[in-house]
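**Q** pasting the structure only:
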């Protein structure tokens, strides 16, 4: 059974570091489709790789995955567009495997009367322009939303798409064959999207979105073999979570925040108490969130989407974070 524990509030000044965060550059990357959204970002082969969904609407049967590359974050080129007949490809994510390949995941959504409404897929590539055939990963109707490699093992959390009753922790030795390590990881207040990180001491952390009432996000914590988890309430409702451990040990996340104006923000997450502290609101609003994060040259690079200028488009921000306090 999942346990939620309550910890003491963290010192906000220690979380925030010595000063504010600063957006050094911001730019629009793509708005060619009627709806461009749900991003991820990584570095591979000396270039940035940004992936996202494009389609005729936020939910539409024609979702495809667009792949852009850039050597410097300024000049971007489209190198691939992935489609699947009869399916809406949603929420692409991209990581680099231990063998030095790119691994792209997305979930194929098929509309009724097909009983298999959701199936997560993975593509592998030696170059962002040439992808192999997709392989099915995880279980039918459990959305394996993001995968994370810890050494030679790949982990991911899948959520129940037939009601968001629970989430499961999956494990794989090759990124192609996944088995449920924890079949009932959490089962209260409609858990769904997640982001996993592993600290230098092998501690696993999971930032979890919930859509119940009040539906606050949670930070889960476990030690190997990652079968027993405790959970902290982060104190806010969040969407599209992406968690990153910085080289200095601090945890930064990109999330959608709902209090006041809906926005995509960078936040600090205190690893012991789970406390969330907003660090920086990105230029965003309306239909927005689902960020990718890449740490490069002591700078945080953030891809995300927003409809603040009308058409829902893909944006990139280069952010200077304050030093640790």
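**A** Nice, thanks for sending it over. Quick caveat: nothing in here was measured; it's all calculated off a predicted structure. Residues are numbered from 1 along each chain as shown.

**Q** In three-state terms, label residue 29 for me.
**A** strand (DSSP: H, G, I helix; E, B strand; the rest coil).

**Q** Start at 839, not 1
**A** Let's use 839 as the start, then, which means that last one is residue 867.

**Q** so what pLDDT did it get?
**A** With respect to pLDDT, residue 867 scores 97.

**Q** Kindly report the same for the one 3 residues further on.
**A** Per-residue confidence at residue 870 stands at 97 (pLDDT).

**Q** Point out where the stretch 1039-1163 of the chain drops to low pLDDT.
**A** Along the stretch 1039-1163 of the chain, segments meeting pLDDT under 70 are nowhere present.

**Q** and with 80 instead?
**A** Applying pLDDT under 80 to the stretch 1039-1163 of the chain picks out residues 1163.

**Q** Please enumerate the helices of it.
**A** For the stretch 1039-1163 of the chain, applying DSSP state H, counting those that start in this stretch gives no helices.

**Q** Same check on the stretch 839-988 of the chain?
**A** Going by DSSP H, counting those that start in this stretch, the stretch 839-988 of the chain shows helices at 850-854.

**Q** Poorly predicted segments of it, please.
**A** Ranges of the stretch 839-988 of the chain meeting pLDDT under 80: 839-857, 949-954.

**Q** so where do the strands sit in it?
**A** Along the stretch 839-988 of the chain, counting by DSSP state E, counting those that start in this stretch, strands occupy 841-843, 860-868, 873-882, 885-893, 902-908, 915-920, 926-934, 940-947, 956-963, 973-974, 980-988.

**Q** Turn those into JSON lines, including distance to residue 1150 and mean neighbour count.
**A** For the C-beta atoms, the positions are set from N, CA and C on the backbone; glycine is no exception. Compiled in JSON lines, the strands of the stretch 839-988 of the chain are given as follows (distance: least, C-beta to C-beta, whole Å; neighbours: other C-beta atoms under 10 Å):
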{"stretch": "strand 841-843", "distance to residue 1150": "35", "mean neighbour count": "11"}
{"stretch": "strand 860-868", "distance to residue 1150": "10", "mean neighbour count": "14"}
{"stretch": "strand 873-882", "distance to residue 1150": "5", "mean neighbour count": "23"}
{"stretch": "strand 885-893", "distance to residue 1150": "10", "mean neighbour count": "24"}
{"stretch": "strand 902-908", "distance to residue 1150": "13", "mean neighbour count": "21"}
{"stretch": "strand 915-920", "distance to residue 1150": "17", "mean neighbour count": "15"}
{"stretch": "strand 926-934", "distance to residue 1150": "14", "mean neighbour count": "22"}
{"stretch": "strand 940-947", "distance to residue 1150": "18", "mean neighbour count": "23"}
{"stretch": "strand 956-963", "distance to residue 1150": "22", "mean neighbour count": "22"}
{"stretch": "strand 973-974", "distance to residue 1150": "29", "mean neighbour count": "14"}
{"stretch": "strand 980-988", "distance to residue 1150": "20", "mean neighbour count": "22"}
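
**Q** and residue 1086, which of those is closest to it?
**A** strand 860-868 (17.4 Å; C-beta to C-beta).

**Q** What is the closest one packed up against?
**A** On a contact count with 3 or more C-beta pairs under 8 Å, 6 or more residues apart in numbering; DSSP states H and E, strand 860-868 meets strand 885-893, strand 902-908, strand 1151-1158.

**Q** who touches the second one?
**A** By that I understand strand 902-908. 867-868, 871, 874, 885-893, 914-921, 927, 930, 942, 944, 966-967 (C-beta atoms under 8 Å, 6 or more residues apart in numbering).

**Q** let's go with 6 Å and repeat that
**A** Contacts with strand 902-908, where a contact means C-beta atoms under 6 Å, 6 or more residues apart in numbering, come from 885-890, 892, 914-921, 927, 930, 944, 966.

**Q** Next: stretch 890-899.
**A** 871-877, 900-902, 904, 926, 928, 1152.

**Q** coming back round to it: could you save the helices and strands packed on strand 860-868 as TSV and add columns showing distance to residue 1125?
**A** Formatted as TSV, the helices and strands packed on strand 860-868 follow (distance: least, C-beta to C-beta, whole Å):
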stretch	distance to residue 1125
strand 885-893	12
strand 902-908	17
strand 1151-1158	10
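
**Q** Which one, of the ones you listed, ends up nearest to residue 1031?
**A** Among these, strand 885-893 comes nearest to residue 1031, with 14.4 Å by C-beta to C-beta.

**Q** Can you tell me the strand partners of the closest one and which way each runs?
**A** strand 873-882 (antiparallel), strand 902-908 (antiparallel) (DSSP bridges).

**Q** Quick one: the strands in the stretch 1039-1163 of the chain, in order.
**A** Along the stretch 1039-1163 of the chain, counting by DSSP E, counting those that start in this stretch, strands occupy 1042-1048, 1056-1060, 1068-1071, 1076-1083, 1089-1095, 1101-1107, 1114-1119, 1127-1134, 1137-1144, 1151-1158.
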